[in-house]
Structures are given as C-alpha cells and as structure tokens.
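In: Everything below, folded, please.
(one chain, ligands or ions: 2)
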Amino acid sequence: MTLQFKSYINGEWLGGNGVADENPSDLATPVGEYALADVAQTQAAIDAANGARAAWGMSNPQQRFDALDFVGSEILARKEELGRLLALEEGKTLGESIGEAARAGQIFKFFAAEALRIPGEKLASTRPGVDIELTREPVGTVGIIAPWNFPLAIPAWKIAPALAYGNTVVFKPAETVPACAWAIAEIISRAGLPAGAFNLVIGAGRVVGQMLAEHPGIDALSFTGSVPTGNRVLQTATRRGAKVQLEMGGKNPLVVLADADLDQAVECAVNGAYFSTGQRCTASSRLIVEKSVYDEFVARTIKRLSGLKIGNPLEAGVHIGPVASSAQLDTDLSYIRIGREEGAELLFGGDMVECATKGHFLAPTLFAAKPDHRVSREEIFGPVAAVMPADDYEHALALANDTEFGLCAGICTTSLKYASHFKRHAQVGMVMVNLPTAGVDAHVPFGGRKGSSYGPREQGRYAVEFYTTVKTAYTLP
Ligand SMILES: NC(=O)C1=CN([C@@H]2O[C@H](COP(=O)(O)OP(=O)(O)OC[C@H]3O[C@@H](n4cnc5c(N)ncnc54)[C@H](OP(=O)(O)O)[C@@H]3O)[C@@H](O)[C@H]2O)C=CC1
Ligand SMILES: O=C(O)CCC(=O)C(=O)O
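Out: Ligands and ions are numbered 1, 2, ... in the order given. Take a look at the predicted model:
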C-alpha cells in the first residue's frame with residue numbers, strides 16, 4: 001500500500017493529487033505520495049490559525065506543557081521508527097537520523113517546560129505609587145518555512161517555541177520531505193490542541209511559501225533555507241510589517257593550526273565537512289590549514305576519506321548516505337565542474353559512487369583551492385569541501401573572516417592564546433574549539449551574523465524574543 005502524506009488544516013487531513021516522494025537511495029521505490037496544497041487550502045490554513053488564536057493564545061501554561069510534552073514523549077518513544085523514515089526520505093545515515101529524531105523530541109520537551117516559565121518583570125516607576133509590569137504575549141499567527149536537511153529537528157525548533165508561547169502555526173515544509181512533516185503533524189494532531197492552532201500545508205514554495213510571506217494573516221515568519229529565497233521572503237514580509245527571522249547559508253571555516261592534535265583536526269574536518277552528506281548550514285566547507293602542517297593534514301584527511309563507506313543509509317557501517325535530491329545533486333556536480341574549470345586541484349572524490357540501488361550517491365570531494373575560487377566562496381551544501389594553506393594564525397583568521405557569511409567557525413589548536421583570540425575575533429554567531437563546526441546543542445542560541453541570519457536567534461531561551469511581543473503595563477493601585 002502506498003503511504004499518503006496529507007496536509008492538516010483546521011483539524012482535518014486533506015488529500016489532493018498524488019506526487020511521488022523520492023527515496024534518494026533507491027529512485028525506483030518512492031517513500032510514498034504526497035498531496036500538493038493549493039492557494040485555497042493555504043488560505044484555509046491561515047484562516048484556521050487566525051480562528052484559533054484566542055483559544056490557544058489564552059491557554060494556560062499547563063495546557064501548553066501537556067501538549068508539547070506529549071509530542072516530545074511520543075517522538076522520543078518512536079525515535080527509531082521516525083529515524084528510519086528520515087533516513088529513507090532525506091538520506092541521512094540511520095544513526096544520524098535516529099539522533100535527529102531524539103533531538104526533535106528533546107526540543108519539544110524543552111519548550112514544554114519553557115511554557116511554564118514565560119519570563120516577565122516588575123519594575124518601579126519613576127512616578128510615585130505606580131507599578132510597571134513587563135509581560136510577554138504571543139505574536140499571533142506564525143508562518144514556518146522549513147528546509148529539507150533537518151526535516152524533524154528544524155520544524156521542531158520552530159513549531160515548539162511558537163506553540164509554547166501561545167502562537168498558532170501554519171507550517172510549510174520543504175517539498176523534498178513531506179513524510180517527515182506529516183509524521184510530526186500526525187503526532188501534534190493528537191496532542192489536544194484546539195482545531196486550527198497547528199496546520200501543516202504541504203505545497204510548493206513559490207505558491208504556499210510565497211503566500212505566507214505576502215498574507216496579512218501571518219504576523220511572523222520563521223524561515224530556514226537558501227540566501228536568495230530568504231531575502232525574498234524578508235523583502236515581501238517586512239514590506240507589510242511582519243516580524244521575520246531567517247537562518248540561511250554558511251561557508252564555515254575550520255582553521256587548523258600547526259600546534260593542533262592533527263588526528264583530532266582531521267576528525268573534526270571530516271565530520272564537519274562530510275557527515276550528513278555535507279548538507280548542513282554549519283558544514284566545514286573551508287579547511288584553512290597552517291602551511292607547516294598542510295601536507296600532513298591533507299594526506300591524513302585523504303586516508304580517512306578513503307576509509308569511508310558511501311551507500312544506503314539504512315545499512316550498518318555506512319558513513320555517508322546519498323545527496324537528498326536530484327536538484328541538490330545537480331548543484332553539487334556543477335560545483336565540482338566549476339572547481340575543475342577554475343583550476344582548483346581535485347584531491348579526492350568528484351564522482352558518483354555505484355551502489356546496489358540507483359540513487360544519488362556522490363563521493364566525498366576535496367579540492368585544494370584558492371580563497372577566490374567559487375568552491376571556496378559559495379555555499380554548495382553537499383559533500384564538497386575546499387582546503388587551503390595559511391601562512392600563520394593571523395592569515396588564517398583573515399581567511400576565515402573573508403566571506404559574506406557568518407554562521408559558525410572552528411579552530412583546532414592546543415594554544416589557549418589562539419583559541420581565546422579566535423573565539424573573540426571570528427565574525428560568526430557560533431564558534432567551536434577542537435570540535436566540528438556542525439553538530440550543535442539544542443538548548444542554546446543558534447544563528448549567525450552577516451549574510452547568514454536575520455532577526456533574533458533561534459533555540460533555547462532566546463527563542464522567546466522572536467515568538468513573543470513585550471507589553472509594558474503601568475498601574476496606579
Ligand atoms: N541554511 C540551511 O539550513 C539550508 C540552506 N539551503 C541552501 O539552499 C540551497 C537550495 O535548497 P532549496 O531547498 O532549494 O532551498 P530554498 O531556500 O529554496 O527552500 C527552503 C524553503 O523555502 C521554500 N521556498 C521556496 N521558494 C519560496 C518562495 N518563493 N517563497 C517562500 N518560500 C519558498 C521551500 O519550499 P520548496 O521545498 O517547496 O521549494 C523550502 O520550504 C541549497 O543548495 C543550500 O545552499 C537549503 C536548505 C537548508
Ligand atoms: O549542525 C547542526 O547541528 C545544525 C545544522 C543546521 O541546523 C542546518 O544545517 O540547518
């Protein structure tokens with residue numbers, strides 16, 4: 001029986017024309033079919049979310065805790081099953097996928113607890129006898145536009161705080177991952193929310209996403225995805241006064257100094273650049289290595305890459321699954337072509353890998369590139385990284401900061417002096433010392449600077465900034 005992934009609008013599941021949901025590891029066996037929502041269904045979802053605003057916005061903290069805790073507990077209890085679905089649909093290895101499902105469950109539980117401690121303040125007035133209270137209220141109806149690369153965790157870290165702080169939600173997932181979106185919605189549909197408080201609209205970005213950006217019924221928009229789409233959403237939504245939060249690309253540097261533990265540095269580089277098939281906005285796509293250890297670092301990295309198994313993410317022992325979609329594979333292959341044409345030296349990979357089934361299996365690819373090569377400057381979002389030498393620490397720092405992006409940066413060093421300097425001077429939102437740039441904790445702020453992000457941070461207690469609006473009340477008792 002073919003699995004059907006439907007939209008969930010005003011408490012009801014809605015069908016439509018069936019589109020095959022591709023399995024990137026086995027193109028002959030789709031995961032299921034999904035129904036593409038149209039403008040009328042998007043309008044119905046926005047109307048439903050606005051209709052439920054009073055009920056959910058005035059719900060008490062215990063109701064919100066109970067709903068979100070239910071969702072978190074069920075995701076955690078079913079993390080193997082949900083991880084398997086994620087591995088099938090997006091192509092992360094089973095271990096990574098189960099880890100992501102667990103992370104999504106923990107995020108719902110974190111924000112369940114946050115619903116019980118929505119912050120406020122009481123201050124003295126400069127006027128005698130007057131009290132001032134600062135309270136936080138829901139923003140209203142939140143539109144959530146999510147990407148495909150973390151199809152459980154990213155929706156979780158947007159939906160959970162939106163609901164915890166009393167907002168209603170219209171969630172538009174990426175078209176590449178309707179099954180994961182449906183699985184989250186199916187659990188939320190049984191969590192005791194009023195009809196319309198949470199809506200899932202599976203549809204095309206240029207139809208459903210564009211409508212969320214344009215529609216006056218959407219008070220705030222949280223987006224993760226590419227820079228061009230993010231900027232378009234920003235312009236459209238801010239023109240009408242909506243609150244906007246964007247998480248976009250990265251071209252994250254990992255600096256390796258001569259005093260680093262080289263085995264640890266190679267591990268950080270390979271994990272950060274290639275695990276999850278390099279499809280992380282936090283991926284270490286630029287490896288900047290002090291010249292005295294450059295040759296040794298490159299030799300050890302190539303040896304490590306040669307030992308990685310590329311294949312079906314459900315198979316034990318596989319380190320890297322397929323690229324998530326044919327569109328992303330085309331992008332990756334075009335950058336491999338560009339790298340070669342611009343004169344970057346292909347050190348490893350560059351080709352497709354034959355597996356038992358026909359899928360988007362691409363070898364991890366390493367270029368020795370100049371800082372101005374496009375493979376060193378533009379986000380590729382696949383298993384393709386650039387390595388380059390630096391004269392010394394100062395040069396490495398300058399190369400690390402020489403980018404339009406500012407999501408995260410890492411350094412491998414045993415020097416407290418350089419680690420401390422780098423933490424202070426890397427122009428990013430997140431900085432890692434002796435750790436891969438990718439793989440963050442879920443209870444602390446996530447986000448970047450420069451062209452990577454816009455608006456308040458996501459995750460942890462900082463999420464309250466985006467999902468609430470502050471009210472200042474003056475009382476003369
Ligand atoms: N920072 C990150 O985490 C991510 C970065 N990327 C970057 O983006 C590149 C392309 O990936 P892609 O999936 O196409 O990214 P997009 O930015 O196109 O997609 C992200 C989300 O935006 C939606 N969307 C598309 N067009 C519009 C629109 N006009 N208005 C509103 N929403 C829209 C998409 O829907 P739909 O899927 O239906 O098109 C999806 O839900 C990658 O190669 C990578 O560089 C991608 C994913 C995550
Ligand atoms: O590296 C991580 O843990 C998170 C990465 C992420 O959120 C992304 O790629 O969009």
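In: For this structure, what lies in contact range of ligand 1?
Out: 145-149, 172, 174-176, 204-206, 209-210, 213, 224-226, 229, 232-233, 247-249, 281, 328, 331, 379, 381 (CB under 6 Å from any ligand atom). Backbone N, C-alpha and C define where each C-beta goes, glycine included.
In: Return the subset of these lying in strands.
Out: 145, 172, 224, 247 (DSSP state E).
In: Which one (most neighbours) among those residues?
Out: Counting neighbours by other CB atoms under 10 Å, the top entry in those is residue 172, with 30 neighbours.
In: Quickly list what that residue is bridged to.
Out: Per DSSP bridges, the residues bridged to residue 172 are residue 145.
In: pLDDT below threshold where in the protein?
Out: Across the chain, the ranges flagged by pLDDT under 70 are 16-17.
In: Show me the domain layout of it.
Out: 4-248+452-475, 253-433 (automatic domain parsing).
In: quick one: the first one near ligand 2?
Out: Yes: judged by CB under 6 Å from any ligand atom, domain 4-248+452-475 comes into contact with ligand 2 at 149-150, 224.
In: Which residues of the stretch 301-450 of the chain lie near ligand 2?
Out: Close to ligand 2, as judged by CB under 6 Å from any ligand atom, the stretch 301-450 of the chain has residues 438-440.
In: Now do stretch 6-21: distance from first to last residue.
Out: 12 Å (CA to CA, to the nearest Å).
In: Just checking the distance from it to the centre of its chain.
Out: 24 Å (CA atoms, centre = their mean, to the nearest Å).
In: ok, now stretch 361-371?
Out: Computed by CA atoms, centre = their mean, the chain-centroid distance of stretch 361-371 equals 23 Å.
In: Only C-alpha atoms, please: export that stretch in PDB.
Out: Below are the C-alpha coordinates for stretch 361-371, written out as PDB (Å, rounded to 0.1, in the frame of the first residue of the first chain):
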ATOM      1  CA  PHE A 361      25.500   8.600  -4.200                       C
ATOM      2  CA  LEU A 362      28.300  11.100  -4.500                       C
ATOM      3  CA  ALA A 363      31.900  10.500  -3.300                       C
ATOM      4  CA  PRO A 364      33.100  13.000  -0.600                       C
ATOM      5  CA  THR A 365      35.100  15.500  -2.600                       C
ATOM      6  CA  LEU A 366      38.100  17.600  -1.600                       C
ATOM      7  CA  PHE A 367      39.600  20.400  -3.600                       C
ATOM      8  CA  ALA A 368      42.900  22.200  -3.000                       C
ATOM      9  CA  ALA A 369      41.500  25.700  -3.800                       C
ATOM     10  CA  LYS A 370      42.500  29.300  -3.700                       C
ATOM     11  CA  PRO A 371      40.500  31.700  -1.500                       C
END
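In: List the buried residues for that stretch?
Out: 361-369 (16 or more other CB atoms under 10 Å).
In: These into CSV, with extra columns for secondary structure?
Out: As requested, those are exported to CSV (DSSP: H, G, I helix; E, B strand; the rest coil):
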residue, secondary structure
361, coil
362, strand
363, coil
364, coil
365, strand
366, strand
367, strand
368, strand
369, coil
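In: Report the buried residues of stretch 392-399.
Out: Going by neighbour count (16+ other CB under 10 Å), the buried part of stretch 392-399 is 393, 396-397, 399.
In: helix or strand for residue 465, which one?
Out: helix 463-467 (DSSP states H and E).
In: Each with direction, which strands does the next helix or strand after that helix pair with?
Out: Next in sequence after helix 463-467, counting helices and strands by DSSP H and E, comes strand 468-475. Note on strand 468-475: by DSSP bridges, its sheet partners are strand 131-138 (antiparallel).
In: Which single residue of the stretch 1-150 of the chain ends up nearest ligand 1?
Out: As assessed by CB to the nearest ligand atom, ligand 1 sits closest to residue 147 within the stretch 1-150 of the chain, at 3.2 Å.
In: whoops, I mixed them up, the stretch 351-477 of the chain
Out: Closest point on the stretch 351-477 of the chain to ligand 1, by CB to the nearest ligand atom, is residue 381, at 3.5 Å.
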